[in-house]
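Asks: Just need the structure, nothing else, for what follows:
(2 chains)
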Amino acid sequence: DQQVKQNSPSLSVQEGRISILNCDYTNSMFDYFLWYKKYPAEGPTFLISISSIKDKNEDGRFTVFLNKSAKHLSLHIVPSQPGDSAVYFCAASVFGDYKLSFGAGTTVTVRA
Amino acid sequence: DGGITQSPKYLFRKEGQNVTLSCEQNLNHDAMYWYRQDPGQGLRLIYYSQIVNDFQKGDIAEGYSVSREKKESFPLTVTSAQKNPTAFYLCASSMTGGWNEQFFGPGTRLTVL
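Replies: The predicted structure is shown next:
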C-alpha cells in the first residue's frame, strides 16, 4: 500500500518559471518529510526537508510547503534552471523510525 | 571525502546465480539501508540495519539476504530465489534516532541474463 503518492509522473517547465511538485500521504503518523533529487544512473541526493511543526521551509530556490490537514506537501523551485531537470522523490517518516516511505517520483524537464 | 561507495556500477549475472553487491560508508553512520528502484516506481526498502550485527526486513526482503559485521559495510546478496532481480540497487546510510536524512550511494545496476 503506497503511503506516499506523487500523482504527476512528469512536469515540463520553461527555464526561469516556477516548478511546483506535489505529494500526498495517507499515514497521519508521518511527521517528517523530505525531497530528494535524482539524476539517471545516480543515487538520490537530499534536497530539503520539513517537520510537521512547520508549514514552510525555504532553502535558496527551493521551498517546501506542508498542509497537514490535507496531508499534502509541495516543492516549489523558483526560478527553474536546466540543471533542475531530474526525478524528484518525496519521502516521509515518523520521528525515531528508521524507515523512509518514498513516492514514485516526478520527472521534471526544464526547457530552454 | 566522506561518502558511500557501491561497487560495481554495472553487474551482469546468469539466471540462477547468487550475486553480492557491495556497500561501504565512511560517514560513521550507524544505520544502513538497501533499496531497489524499478522504472516508474519509487524506492522500495529491501533490508535495513540500525547497528552492527543487527538487521531487519524491509518491504520486499524475499530473495535477498544481508550481513552487518562491520559498521562501515552492509553487503546485499541477491539469491536465485529472487524472481525478478534485474533492477537498480541503492545503498544508503543515516545517523540514528530522530529525524535523519539518508545519504545514498551511486547505485548498482544489476542485469540477470
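Asks: Just the buried residues of stretch A:100-112, please?
Replies: Going by neighbour count (16 or more other C-beta atoms under 10 Å in any protein chain shown), the buried part of stretch A:100-112 is A:100, A:101, A:102, A:103, A:104, A:105, A:106, A:107, A:108, A:110. All C-beta atoms are positioned from the backbone trio N, CA, C, and that covers glycine.
Asks: now do stretch A:4-19
Replies: Applying 16+ other C-beta under 10 Å to stretch A:4-19 flags A:4, A:5, A:6, A:11, A:13, A:19 as buried.
Asks: Next step: those restricted to strands.
Replies: Secondary structure of the buried residues of stretch A:4-19 is defined by DSSP state E; positions in strands are A:4, A:5, A:11, A:13, A:19.
Asks: Please name the nearest non-neighbouring residue to the third one.
Replies: Here the nearest residue to residue A:11 in space, its sequence neighbours aside, is residue A:108; by C-beta to C-beta, 6 or more residues apart in numbering or on different chains that works out to 5.0 Å.
Asks: And residue A:65, by the same measure?
Replies: The shortest distance from residue A:65 to any residue that is not its chain neighbour, by C-beta to C-beta, 6+ apart, is 5.0 Å, and that residue is residue A:74.
Asks: now residue B:80
Replies: In space, residue B:80 comes closest to residue B:16 once its chain neighbours are excluded; the distance is 4.9 Å by C-beta to C-beta, 6+ apart.
Asks: Phi first, then psi, for that neighbour.
Replies: Here is the backbone geometry of residue B:16 (degrees, to the nearest 10): phi 100, psi -10.
Asks: how far away is it from chain A?
Replies: Computed with C-beta to the nearest C-beta, to the nearest Å, the distance linking residue B:16 and chain A is 26 Å.
Asks: Compute the number of surrounding residues for that residue.
Replies: Per other C-beta atoms under 10 Å in any protein chain shown, the neighbour tally for residue B:16 reads 8.
Asks: what's the pLDDT at the closest residue to chain A within chain B?
Replies: Residue of chain B nearest chain A, by C-beta to the nearest C-beta: residue B:104 (3.4 Å). The predicted local distance difference test score for residue B:104 is 95.
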